[in-house]
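# what shape does this take:
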Amino acid sequence: MQWSLLIVMGQCYFITCQLYQYHYIEDTKTWTEAQEYCREHYTDLATVSNMTDMKRLLEESTGRKTEAWIGLNNRTDVTRTWHWSLPGVEFKDDETRWAGGEPNDRYGLENCGLIKDNTLLRDLSCKEQHLFICYDESGSTNIHLIKEKKNWIDAQKYCRDHHTDLVSGLNQLHQVYKVGLSDNTPYWVGLFRDTWRWSDGSSSSFRHWDQTLSPGDKCAVTMLSEGGRWKNANCTDQKPFFCYDDKVILVKEKMRFDEALFYCRENYNDLVSITNLDEQRWVQERAKNASTPFVWLGLRYTCSPYLWFWVSGEVVSYKNWASDGKNDDCDMRGAMETGGEHQWVSQLEKNEFDFICSKS
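Numbering: from 1, shown residues only. Predicted structure coming up:
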């Protein structure tokens, strides 16, 4: 694990921890050859989870003005899957309010979602031009109705450039319901479906396309000369590429907290710590593959003094506790849900779960 230290008034504070690292490989290879190289020397071709990852890719390739493979390819053996545009918001089909008979591909492939008629969702071709709704997680007003018609990809780009993203997920849609739509005008929201999959099998729904995709080209590149935006290309083209090196590992062995802590320190580095939202999203991807309802994190409570802390020494600044999941008793330890919202919950030290280690 890579750390940066900040020294303030004689005190050391850990300010940066990378649970995964990108590597730009200048040798040109086909997408499959690049995948083989990354799996042999690192973990896999790069998975990109959000705009923070995109900035890290651009920093890793400073000065290059070419196209480079990432680990996204269009699979013909899978069904189209719905996603929300905003990273970390998971699509829940059983809770989604579709209009009657939707989604239906009525006019061909309809892979993007909009709301109309009492805010019920409908599918439509992503090439259509419509008004759209942005979400701003840091603004005084979260919901922004944009009175300018764009196709879905351009609407997504606008929202990411000026706000946070297209409105995504049930909680944000409920905020739209409160604002209310004045008429039956359709508005794009951040719902889309595709058959693109990541090489490492992760479920990251982040997409950063620049244009309408070319038919037949099945592999994705990031265009370093275009601010990193993506396009699809022929998988047999020769290009440089990005690998990533994973610094965490899921151990699928049921252990008590202290046993898991000893195992991580004996075989890797430590039980994993989570210090920001990006790390939360990275760790929860690994947690999804666990065989237990929770996985141990390196989070424990002490009664002397009375506080939660990470066993690797960091203060618990970023928090993701379930609303009723925190119990400040002396024998409590912290775990993450392997399903649902992947929030943190208190568990007795004696409970046995899979766990996640940091590798270095």
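# how far away is Asp200 from Thr47?
5 Å (Cβ to Cβ, to the nearest Å). Every residue, glycine included, has its C-beta placed from N, CA and C.
# ah, wrong one, I meant Glu60
14 Å.
# those two: which is more packed in?
Between Glu60 and Thr47, counting by other Cβ atoms under 10 Å, Thr47 is the more crowded of the two (25 against 16).
# check contacts around that one.
Contacts for Thr47 were tallied using Cβ atoms under 8 Å, 6 or more residues apart in numbering; they are 70-71, 198-200, 202, 204, 244.
# tell me which element the residue lying closest to Gln211 once chain neighbours are set aside falls in.
What sits nearest to Gln211 in space, not counting adjacent residues and going by Cβ to Cβ, 6 or more residues apart in numbering, is Lys231, at 6.1 Å. Assigned by DSSP states H and E, Lys231 belongs to strand 230-233.
# can I get that strand as CSV, trimmed to CA atoms?
Provided in CSV are the C-alpha atoms of strand 230-233 (Å, rounded to 0.1, in the frame of the first residue of the first chain):
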residue,chain,number,x,y,z
TRP,A,230,-13.5,6.6,-24.5
LYS,A,231,-14.3,5.1,-27.9
ASN,A,232,-14.6,1.6,-29.1
ALA,A,233,-12.0,0.1,-31.5
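# how much space between His174 and Cys159?
Where Cys159 is concerned, His174 sits at a distance of 18 Å (Cβ to Cβ).
# ok, now Asp270?
Separation of Asp270 from Cys159 (Cβ to Cβ) stands at 38 Å.
# same drill for these two, tell me which one is more crowded.
In this view Asp270 and Cys159 are compared by other Cβ under 10 Å, and Cys159 has more residues nearby, 26 against 18.
# so, low pLDDT: which residues of the protein?
1-17, 118, 182 (pLDDT under 70).
# switch the cut-off to 50
The model of the chain has pLDDT under 50 over residues 1-16.
# can you pull out the helices in it?
Ranges of helices in the chain, per DSSP state H, are 31-41, 51-60, 152-162, 169-179, 257-267, 277-287.
# in the record's domain split, what are the boundaries for the chain?
Per the record, the chain has its domains at 25-76+196-245, 81-194, 247-358, by automatic domain parsing.
# and the shortest one, how far apart are its ends?
Distances were taken as Cα to Cα, to the nearest Å; on that basis the terminal residues of domain 25-76+196-245 are 13 Å apart.
# what sits against Met156?
That one is not Met; residue 156 is Gln. 85, 165-166, 190.
# name the nearest of the residues you listed relative to Arg333.
Distances from Arg333 to the contacts of Gln156, taken as Cβ to Cβ, are shortest for Asp165 (34.2 Å).
# rewinding a little: for Leu19, which of the domains of the chain is the nearest?
Taking the domains of the chain one by one with Cβ to Cβ, domain 247-358 is closest: 4.9 Å.
# re the thing from before, show the buried residues in the contacts of Thr47.
Neighbour counting with 16 or more other Cβ atoms under 10 Å marks 70-71, 198-200, 202, 204, 244 as buried within those.
# closest one to Ser323 out of those, please.
Using Cβ to Cβ, the buried ones among the contacts of Thr47 come closest to Ser323 at Ser204, 25.9 Å.
# shouldn't that closest one be in contact with Ser49?
Yes: assessed by Cβ atoms under 8 Å, Ser204 is found in contact with Ser49 at 4.7 Å.
# overlap in contacts, these two.
Contacts common to Ser204 and Ser49, judged by Cβ under 8 Å, 6+ apart, are 87, 285.
# quick one: the strands in the stretch 251-360 of the chain?
Along the stretch 251-360 of the chain, the stretches classed as strands by DSSP state E, counting those that start in this stretch are 270-271, 294-303, 306-310, 332-337, 344-348, 353-358.
# of these, which is nearest Ala155?
strand 332-337 (32.3 Å).
# what is that closest one packed up against?
Counting contacts by 3 or more Cβ pairs under 8 Å, 6 or more residues apart in numbering; DSSP states H and E, strand 332-337 packs against helix 277-287, strand 294-303, strand 344-348.
# about what we covered before: overlap in contacts, Asp200 and Thr47.
With Cβ under 8 Å, 6+ apart as the test, Asp200 and Thr47 both reach Gly71.
# OK, contacts around the closest residue in space to Leu131 that isn't next to it in sequence?
Spatially, and ignoring its direct neighbours in sequence, Leu131 is nearest to Tyr187 (5.0 Å; Cβ to Cβ, 6+ apart). Going by Cβ under 8 Å, 6+ apart, Tyr187 touches 114-116, 130-133, 145, 181.
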